[in-house]
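[1] A structural model of the following input is requested.
(one chain, ligands or ions: 3)
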Amino acid sequence: MTQPSPASRPLLDRVAGPADLRALSDAELAALAQELREELIEVVSRTGGHLGSSLGVVELTVALHATFRAPFDKIIWDVSHQSYPHKMLTGRRHRMDSLRREGGLSGFTKRAESEFDPFGAAHSSTSISAALGFTVGRDMGLPTGDAVAVIGDGSITAGMAWEALFNAGAEGRRMVVILNDNEMSIAPNVGALSRYLTRLGGAAQGMSLRELAAGFEAALPEALREHARRTRQSIGGIHAPATMFEDLGFTYLGPVDGHSMPDLLATLRTVRSQADGPVLIHALTVKGKGYAPAESAACKYHGVAKFDVGTGAQQKSRPNAPSYTGVFGQTLTEAAARDPRIVAVTAAMPGGTGLDIMAKRFPRRVFDVGIAEQHAVTFAAGMAASGLKPFCAIYSTFLQRGYDQVVHDVALQGLPVRFAIDRAGLVGADGATHAGAFDVGYMTNLPGMVVMAAADEAELARMVATAAAHDEGPIAFRYPRGEGVGVEMPEHGQVLEIGKGRVLAEGDQVAFLSFGAHLSEIQRAVEQLAERGITATVADARFAKPLDTDLIAQLARHHKALITVEQGAQGGFGAHVLHHMANAGLLEHGLALRTITLPDRFIDQASPAAMYADAGMSADHITRVALGALGMGRMVSVA
Ligand SMILES: Cc1ncc(C[n+]2csc(CCOP(=O)(O)OP(=O)(O)O)c2C)c(N)n1
Ligand SMILES: CC(=O)[C@@H](O)[C@H](O)COP(=O)(O)O
Ligand SMILES: [Mg+2]
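    Numbering: from 1, shown residues only. Ligands and ions are numbered 1, 2, ... in the order given. So this is what the prediction gives:
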């Protein structure tokens with residue numbers, strides 16, 4: 001991929017890698033941060049991506065790399081959507097225009113991409129655990145240096161981060177956690193911890209971190225923790241209580257101005273030379289820092305499309321149809337207006353899941369619990385047990401985090417939680433970490449769980465209605481990222497009969513049994529087959545559980561080949577159909593059977609269409625599979 005050369009920047013041009021930062025003076029490091037920021041804005045204006053979070057850590061990234069010795073020391077970015085400045089300082093500056101594109105740099109840290117990415121991420125709240133793991137490796141004599149976890153105030157709300165803090169505090173090993181507190185998750189941060197951090201940030205406002213760091217430096221190493229406590233107390237008042245981080249065994253330093261290079265350098269250098277146990281540095285930053293359109297936007301340009309640097313105006317795609325997410329949010333809001341028992345839960349994604357639409361009309365019936373998928377699921381289970389009708393709206397990839405809760409707190413207890421599983425299938429630029437590949441498998445194997453997938457946006461509206469009406473046990477419906485196919489929308493979502501599919505077109509030779517949103521690709525394949533004189537039946541299963549066994553029997557009896565298609569991993573819908581057919585004796589009449597699923601490998605970022613092509617699921621592939629199943633594999637070649 002040809003890359004435009006970055007504009008010449010006097011200091012940045014001198015930095016081929018982090019070691020070069022150590023030849024710069026502190027003043028030059030501050031100036032370098034400004035160059036880095038300018039280039040970051042330019043690059044992301046061309047690529048799109050997670051701009052606001054990356055802008056907020058420019059100074060921190062420079063200071064970290066100037067102080068620690070990566071890759072020997074391990075700098076671990078939580079989520080790592082803020083790692084663009086880190087990429088630019090660690091030998092990837094000239095490839096930044098390929099960010100999030102096919103064949104290009106990942107939008108997250110990735111072990112395979114660079115030795116400076118010691119730990120891959122994209123799901124939140126893993127950094128402290130990973131840093132503790134590296135720390136133990138170091139202490140057991142492996143050639144690895146200090147571990148530094150950089151975690152945001154949103155990501156630290158997750159239970160996993162606290163499990164790691166408890167463990168690290170008790171272990172007492174030298175490691176560093178930097179809490180990057182910008183008071184934002186994707187949406188404004190929520191919850192009691194967020195309130196606590198705001199108080200902590202405000203309490204010591206005006207104190208000089210350089211003073212604190214100087215005091216810190218003067219302390220004897222073994223007295224480090226006690227000294228930091230005394231220093232804080234002398235600033236916050238004699239009786240200032242210890243922060244909860246200190247109670248957990250960390251030395252708490254802060255708050256530090258996360259955009260002041262002198263303060264950051266003084267603090268990090270002191271910690272690097274003096275720390276003898278776990279240290280938490282509380283850095284206050286501004287999401288979108290240094291770019292006025294980002295700083296002033298409510299979303300702080302968390303994730304942006306390409307944009308005009310002068311105005312900040314993003315290139316809006318012109319949708320031909322409403323988005324699945326929008327249809328979900330709107331339909332659920334209408335259902336909630338009719339049924340006061342409907343409530344909804346999101347784990348820090350009110351906009352991403354469309355629940356912001358319902359929250360505008362029914363603010364007290366939508367609960368943003370922060371990045372806490374496990375809690376979200378069990379909280380919904382509790383509400384279901386109380387007689388409410390909870391919709392738990394979580395992306396497929398993040399619901400993985402709450403799986404034991406789905407099993408133990410929902411399915412096992414037969415509670416009617418409605419799972420709205422957005423971002424099912426391949427999602428594009430976020431790549432493999434965000435692919436909704438596994439939910440069909442991990443939901444259909446649960447006794448009593450009803451599992452649906454929407455073929456289009458009208459079907460999604462029907463599935464919302466079906467879920468609202470289904471009080472007998474848990475039910476889930478999945479739908480993809482992006483816009484629908486432009487079908488006419490029903491006025492009210494009609495309630496579907498549980499376990500019944502539908503036939504959309506009838507043919508003689510091959511039957512396609514589709515589960516979910518790959519239907520339009522199948523229809524293109526059907527056209528290609530028709531050009532070759534082959535007629536196909538197209539059925540939409542709607543349900544992977546319970547299966548429409550009558551429909552399957554009918555398709556099996558009247559065709560030479562039956563092909564299942566789903567936007568999910570092996571072990572999902574197709575596997576259930578095969579399992580049923582084997583046990584029902586439907587495989588005994590010479591029927592050719594094929595399952596089209598994602599392959600058994602992770603698919604790298606590209607456009608969703610290119611990712612599906614990579615996965616062997618384009619219309620051409622489907623046509624080829626059908627021809628092969630009919631024994632006509634060599635009849636024609638398709639592209
Ligand atoms: C387990 C999980 N749930 C949800 C998300 C979606 N997500 C990505 S970034 C983000 C907000 C993170 O906030 P914070 O850590 O404060 O970083 P900031 O963007 O403010 O820099 C969320 C909710 C995720 N990546 N992982
Ligand atoms: C980093 C992260 O997990 C989110 O910001 C994610 O990229 C959002 O994805 P959508 O754009 O699909 O909502
Ligand atoms: Mg934040």
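[2] for the residue lying closest to Phe328 once chain neighbours are set aside, phi and psi?
    Excluding its sequence neighbours, the residue lying closest to Phe328 (CB to CB, 6 or more residues apart in numbering) is Gly354, at 4.8 Å. For the C-beta atoms, the positions are set from N, CA and C on the backbone; glycine is no exception. Per-residue torsions, Gly354: phi 80, psi 0 (degrees, to the nearest 10).
[3] Number of residues surrounding the residue of the stretch 251-400 of the chain found nearest ligand 1?
    Using CB to the nearest ligand atom, the closest approach of the stretch 251-400 of the chain to ligand 1 is made by Ala348 at 3.8 Å. The criterion is other CB atoms under 10 Å. On that basis, Ala348 has 26 neighbouring residues.
[4] Now do it against ligand 3, distance only.
    As judged by CB to the ion, to the nearest Å, Ala348 and ligand 3 stand 10 Å apart.
[5] Hmm, Ile186 and that residue touching each other?
    Yes: contact criterion CB atoms under 8 Å: Ala348 and Ile186 qualify, at 6.2 Å.
[6] Next, show the common contact partners of these two.
    Counting by CB atoms under 8 Å, 6 or more residues apart in numbering, the residues touching both Ala348 and Ile186 are Gly154.
[7] tell me the contacts of whichever residue of the stretch 51-200 of the chain sits closest to ligand 2?
    Ligand 2 sits closest to His81 of the stretch 51-200 of the chain, with a gap of 4.0 Å, by CB to the nearest ligand atom. Going by CB under 8 Å, 6+ apart, His81 touches His50, Ser53, Ser54, Gly107, Phe108, Ala122, Gly303.
[8] would CSV of those residues with neighbour count and pLDDT be doable?
    Listed next are the contacts of His81 as CSV, based on neighbours: other CB atoms under 10 Å; pLDDT from 0 to 100:
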residue, neighbour count, pLDDT
His50, 24, 98
Ser53, 28, 98
Ser54, 29, 98
Gly107, 27, 98
Phe108, 26, 98
Ala122, 19, 98
Gly303, 18, 95
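[9] Nearest to Tyr442 among those?
    The closest of these to Tyr442 turns out to be Ala122 (CB to CB; 18.7 Å).
[10] For the closest one, which non-adjacent residue is closest in space?
    The nearest residue in space to Ala122 (CB to CB, 6+ apart) is Thr433, at 3.3 Å.
[11] Does the one you found touch Thr397 like I think?
    Yes: using CB under 8 Å, Thr433 is in contact with Thr397, at 7.0 Å.
[12] any common contacting residues for the two?
    His123.
[13] Comparing these two, which shows the higher neighbour count?
    More neighbours surround Thr397 than the other of Thr433 and Thr397, with 23 against 19 (other CB under 10 Å).
[14] now for the helix or strand containing the more buried one, which elements pack on it?
    In the assignment (DSSP states H and E), Thr397 maps to helix 396-399. In terms of contact count using 3 or more CB pairs under 8 Å, 6 or more residues apart in numbering; DSSP states H and E, helix 396-399 is assigned the packing partners helix 373-385, strand 418-422.
[15] Point out the most buried one among these.
    For the helices and strands packed on helix 396-399, average neighbour numbers computed from mean count of other CB atoms under 10 Å are highest in strand 418-422, which has a mean of 27.
[16] If you count contacts, what does that one end up packed against?
    Strand 418-422 packs on helix 324-338, helix 350-353, strand 389-395, helix 396-399, helix 439-444, helix 457-469, strand 475-478, going by 3+ CB pairs under 8 Å, 6+ apart.
[17] those helices in the stretch 1-150 of the chain, which residues are they?
    26-47, 51-56, 58-67, 84-89, 127-139 (DSSP state H, counting those that start in this stretch).
[18] chain center to the second one: distance?
    It refers to helix 51-56. Centre-to-centre, helix 51-56 and its host chain are 17 Å apart (CA atoms, centre = their mean, to the nearest Å).
[19] Please apply the same query to the last one.
    Relative to the chain's own centre, helix 127-139 is displaced by 23 Å; criterion: CA atoms, centre = their mean.
[20] What residues sit buried inside that helix?
    Ser127, Ile128, Ser129, Ala130, Ala131, Leu132, Phe134, Thr135, Arg138 (16 or more other CB atoms under 10 Å).
[21] The fifth one contacts Trp77, correct?
    Read that as Ala131. No: using CB under 8 Å, Ala131 makes no contact with Trp77, being 10.7 Å away.
[22] Now that we're looking at the residue in the stretch 451-600 of the chain positioned nearest to ligand 3, what pLDDT does it have?
    In the stretch 451-600 of the chain, no residue comes nearer to ligand 3 than Arg481, which is 22.9 Å away by CB to the ion. Here, the pLDDT recorded for Arg481 equals 97.
[23] how about it, secondary structure?
    At Arg481 the chain is in coil, as set by DSSP: H, G, I helix; E, B strand; the rest coil.
[24] what does Val343 give?
    With three-state DSSP as the basis, Val343 sits in strand.
[25] I'd say it and Cys392 touch.
    No: using CB under 8 Å as the test, Val343 is too far from Cys392 to be in contact (9.7 Å).
[26] Look at these two and report which has more neighbours.
    The neighbour comparison of Val343 against Cys392 (other CB under 10 Å) goes to Cys392, with 32 against 21.
[27] contacting residues around the more buried one?
    By CB under 8 Å, 6+ apart, Cys392 lies in contact with Ala344, Val345, Ala376, Val377, Ala380, Val417, Arg418, Phe419, Ala420.
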